[in-house]
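Enquirer: let's see this in three dimensions:
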Amino acid sequence: MSNYLPTDLVLEILGQLPVKSLVRFLTVSKSWRSIITTPTFISSHLSNAKNRTLVHEKELHSFLTIAENGPFETFNSSSKLEFPFKSDRTFRIVGSCDGFICLSDDEFRDSSQCSIIIWNPSVRNHRVLPNPTINPETPHFVVLGFGVASHAYKVVRLVYCMKPNDINFSFMQLVEIFSLETWSWRKWGEVDLTPPHVFPSTTCPSVFSNGVVHWLSEDDSFRRSSILAFDVGDEVLGDVMLPDELAACVYESVVMLRIFVIGESLGAVKYDRDNTSCDVWVMKEYCVRESWTKLYTIRLLNVVSRVIGFWKSGEALLFLDRQGIAPYTDCSVRFCLVVYNPDSRQTKDLGIYGSGCFYVNSYVESLLLLKIGGELIQ
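Expert: Residues are numbered from 1 along each chain as shown. Coordinates of the predicted model:
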């Protein structure tokens, strides 16, 4: 009997394997290595990757992924990710695309001195971006986004600052884009802002959907919300309009709204004034204001309870304070992550605990940023 396997069969078998196994197989066979490291195979493997949920526990600075195995009852596994380097800085996740995780330590640092990192935990490789080029001397703040269009991965940096020597306290928006393909920053342009000023939130994470990075924004009177959008492919800034019921979701200068990706669509969660419930909305037709639709209401279990993401199946992930609900003696397990099923209105404890806030995003394994013998493959 021949030990020969047709190339097509080898490709089919390798294409179904997890990245960890493929990396190990690089040293097994030269022919397998030549297959695994081709751009065609890397792209094909990515297109077949199963979706997972990336979870970041900020206080403990831990990262893990949850397998999304379909219905509410079938969750069964999570995997811890090894952070790429030791650091006393607090990093946050800017965004996640095709196995890349964009990180930044800009929460408590001067924006000109912060680090932005592209990390692929599946192949255990990361790269630190060069310093941005726009760093105004006048007071300013920065928001970041990360996305992809036509296999071109980009970090977009929006800088808002007061115009120098302007007694009217006018603001301007400066934009620069980092391309992973050219590995460089370039200035996109600047825009003078006219009152009422609308600024993206620095406390709400950006959301990438439909090839567009979105930021929840609010006017400087804290009366109305909107969504600022940057098309990664066309490199165009615009707005996504909210219905009045969501745009006016501001109580005592506090915006009670968050935006998410729900399934494949842009969505929003609106909290009531007393934080006892929240409504889940989705925009069924992108950029069509009239298509915003309320899906369901979640009755929150306690005061410290927040929706922090959604599975592809539409089930909500909630950050929950266990105090008063379940006994615990270790503060590192005070908070937990649960999944909420809108059909049964039941929650399921995912067995993930921490001492602080969780952040979640979608994630897939990929071979992008694979390095062999010091040489970057793609």
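Enquirer: any idea of the mean pLDDT in stretch 149-158?
Expert: The average pLDDT for stretch 149-158 rounds to 95.
Enquirer: got the buried residues for that stretch?
Expert: Using 16 or more other C-beta atoms under 10 Å as the test for burial, stretch 149-158 gives 153-158. All C-beta atoms are positioned from the backbone trio N, CA, C, and that covers glycine.
Enquirer: swap in stretch 298-312?
Expert: Buried, per 16+ other C-beta under 10 Å, within stretch 298-312: 298, 300-301, 305-311.
Enquirer: now do stretch 348-364
Expert: Buried-residue list, stretch 348-364, by 16+ other C-beta under 10 Å: 350, 352-354, 358-364.
Enquirer: do the same with stretch 230-249
Expert: For stretch 230-249, burial by neighbour count (16+ other C-beta under 10 Å) applies to 230, 232, 237, 240, 242-243, 246-247, 249.
Enquirer: identify the residues contacting the residue most central in space within the chain.
Expert: What sits nearest the mean C-alpha location of the chain, by C-alpha atoms, centre = their mean, is residue 95, with 3.3 Å. Going by C-beta atoms under 8 Å, 6 or more residues apart in numbering, residue 95 touches 101-102, 145-147, 205-206, 208, 213, 361.
Enquirer: can you read off the pLDDT for it?
Expert: On the pLDDT scale, residue 95 is placed at 95.
Enquirer: secondary structure element holding the residue lying closest to it once chain neighbours are set aside?
Expert: Computed as C-beta to C-beta, 6 or more residues apart in numbering, the closest residue to residue 95 that is not its neighbour in sequence is residue 146, at 3.4 Å. In this structure, residue 146 sits in strand 140-149 according to DSSP states H and E.
Enquirer: partners of that strand in the sheet?
Expert: strand 152-162 (antiparallel) (DSSP bridges).
Enquirer: report the distance from the partner strand to the chain centre.
Expert: Computed by C-alpha atoms, centre = their mean, to the nearest Å, the separation of strand 152-162 from the middle of its chain amounts to 16 Å.
Enquirer: cool, and stretch 81-96?
Expert: 13 Å.
Enquirer: follow-up on the earlier one: now, the buried residues of stretch 230-249 that are in strands?
Expert: Mapping the buried residues of stretch 230-249 onto strands (DSSP state E) picks out 230, 237, 240.
Enquirer: can I get the residues you listed in a markdown table with pLDDT and distance to residue 84?
Expert: Formatted as a markdown table, these follow (pLDDT from 0 to 100; distance: C-beta to C-beta, whole Å):
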| residue | pLDDT | distance to residue 84 |
| --- | --- | --- |
| 230 | 96 | 27 |
| 237 | 93 | 32 |
| 240 | 94 | 34 |
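Enquirer: in TSV, list those residues along with distance to residue 267.
Expert: Shown next, in TSV, are those (distance: C-beta to C-beta, whole Å):
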residue	distance to residue 267
230	18
237	21
240	12
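Enquirer: just those now: which is nearest residue 218?
Expert: Of all these, residue 218 sits closest to residue 240, with 14.1 Å by C-beta to C-beta.
Enquirer: excluding its backbone neighbours, what's nearest that closest one?
Expert: Leaving aside its chain neighbours, residue 240 sits nearest to residue 227 (4.0 Å; criterion: C-beta to C-beta, 6+ apart).
Enquirer: list the buried residues in the helix or strand hosting residue 21.
Expert: Following DSSP H and E, one finds residue 21 within helix 19-25. Judged by neighbour count (16+ other C-beta under 10 Å), helix 19-25 contains these buried residues: 19, 22-23.
Enquirer: residue 223 is in contact with residue 244, isn't it?
Expert: No. With contacts defined as C-beta atoms under 8 Å, residue 223 does not count as touching residue 244, sitting 11.9 Å away.
Enquirer: show me the helices in the stretch 151-300 of the chain, by range?
Expert: For the stretch 151-300 of the chain, the helices defined by DSSP state H, counting those that start in this stretch cover 244-247.
Enquirer: returning to what we had before: the residue nearest to residue 240 is in contact with residue 218, isn't it?
Expert: No. If you go by C-beta under 8 Å, residue 227 and residue 218 don't touch, sitting 10.4 Å apart.
Enquirer: ok so, going back, what would the buried residues of helix 19-25 look like in a markdown table with distance to residue 29?
Expert: Listed next are the buried residues of helix 19-25 as a markdown table, based on distance: C-beta to C-beta, whole Å:
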| residue | distance to residue 29 |
| --- | --- |
| 19 | 17 |
| 22 | 12 |
| 23 | 13 |
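Enquirer: now, among those residues, which is nearest to residue 170?
Expert: For the buried residues of helix 19-25, the nearest to residue 170 is residue 19 (49.4 Å; C-beta to C-beta).
Enquirer: distance check, the nearest residue to residue 243 once chain neighbours are set aside against residue 215.
Expert: Nearest non-adjacent residue to residue 243, counting by C-beta to C-beta, 6+ apart: residue 292, 4.7 Å away. Distance, residue 292 to residue 215, using C-beta to C-beta, to the nearest Å: 18 Å.
Enquirer: same question, residue 34
Expert: For residue 34, the distance to residue 215 equals 43 Å [C-beta to C-beta].
Enquirer: many thanks, I have nothing further to ask.
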